[in-house]
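**Student:** The sequence and its predicted three-dimensional model are supplied below.
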Amino acid sequence: MEDEVRLIPLSALQHYLFCPRQCALIHLEQQWAENRYTAEGRILHERADRLGHERRRGVYTAMALPLANERLGLTGVADVVEFDEREAQTIIRPIEYKRGRPKAHRADEVQLCAQALCLEEMLNVAIEHGALFYGKTRRRKDVPFDKALRALTWDVIAGTRALFDGNRTPSAVYEAKRCDRCSLIDACQPQVMGKQRSARRWLARQLQSLDE
């Protein structure tokens with residue numbers, strides 16, 4: 001009997017693009033810690049999830065909608081999915097709530113695009129756009145699911161799949177701008193673990209020089 005494919009949570013894609021080590025600590029080692037940033041994000045999601053379902057002016061809105069893509073092995077929950085019935089063909093838009101502001105990296109967009117991939121398989125439709133709602137700006141950012149974003153999302157899914165299948169946490173690499181805001185910095189210890197890796201490389205070079 002073949003082993004069952006390990007499902008990838010949609011949130012893992014965002015974690016992987018931000019930092020593969022963070023992704024492994026959360027999803028392979030089951031480590032989690034909360035700081036101000038994660039607490040604000042959790043509260044924002046909880047508010048969205050409590051809204052329930054509603055229909056207003058030809059738009060049906062579903063909150064906390066379970067998602068899955070069997071082919072890609074993805075699973076998760078969409079904060080909000082809008083079904084706009086005002087046109088001849090219903091337009092479907094996933095909407096993800098995030099704390100803070102739009103980011104320089106595309107981790108949020110990848111997570112949203114993966115939600116669209118799930119909806120496309122579940123509903124047998126094509127989804128062209130979604131949106132990210134940021135708590136600081138209180139505005140929606142339209143996200144087109146173009147070829148570039150879809151290609152990036154597939155690459156991140158493949159990388160996350162390889163991480164899950166390998167079941168191994170990557171080595172630490174300290175980057176102040178990224179690491180100092182991470183809630184897992186105490187568990188990760190990137191400055192200490194990064195130095196240990198450098199020491200191993202130095203020792204390996206010394207041993208190699210002795211053999212020459």
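**Tutor:** Right, received. Where do you want to start?
**Student:** OK, contacts around the spatially closest residue to His27 that is not a sequence neighbour?
**Tutor:** Closest residue to His27 apart from its sequence neighbours, by CB to CB, 6 or more residues apart in numbering: Ala12 at 5.0 Å. Bear in mind the C-beta positions are built from the backbone N, C-alpha and C, glycine included. Taking CB atoms under 8 Å, 6 or more residues apart in numbering, we find Ala12 in contact with 23, 26-27, 160, 164.
**Student:** what about 7 Å?
**Tutor:** The contact partners of Ala12, taken as CB atoms under 7 Å, 6 or more residues apart in numbering, are 23, 27, 160.
**Student:** Could you do Arg178 as well?
**Tutor:** Counting by CB under 7 Å, 6+ apart, Arg178 makes contact with Cys19.
**Student:** do the same with Pro66
**Tutor:** Here Pro66 is in contact with Val77 (CB under 7 Å, 6+ apart).
**Student:** Just the pLDDT at it, thanks.
**Tutor:** Per-residue pLDDT puts Pro66 at 93.
**Student:** isn't there a strand covering Leu132?
**Tutor:** Yes: the assignment for Leu132 (DSSP: H, G, I helix; E, B strand; the rest coil) places it in a strand.
**Student:** and it, what are its bridge partners?
**Tutor:** Glu96, Lys141 (DSSP bridges).
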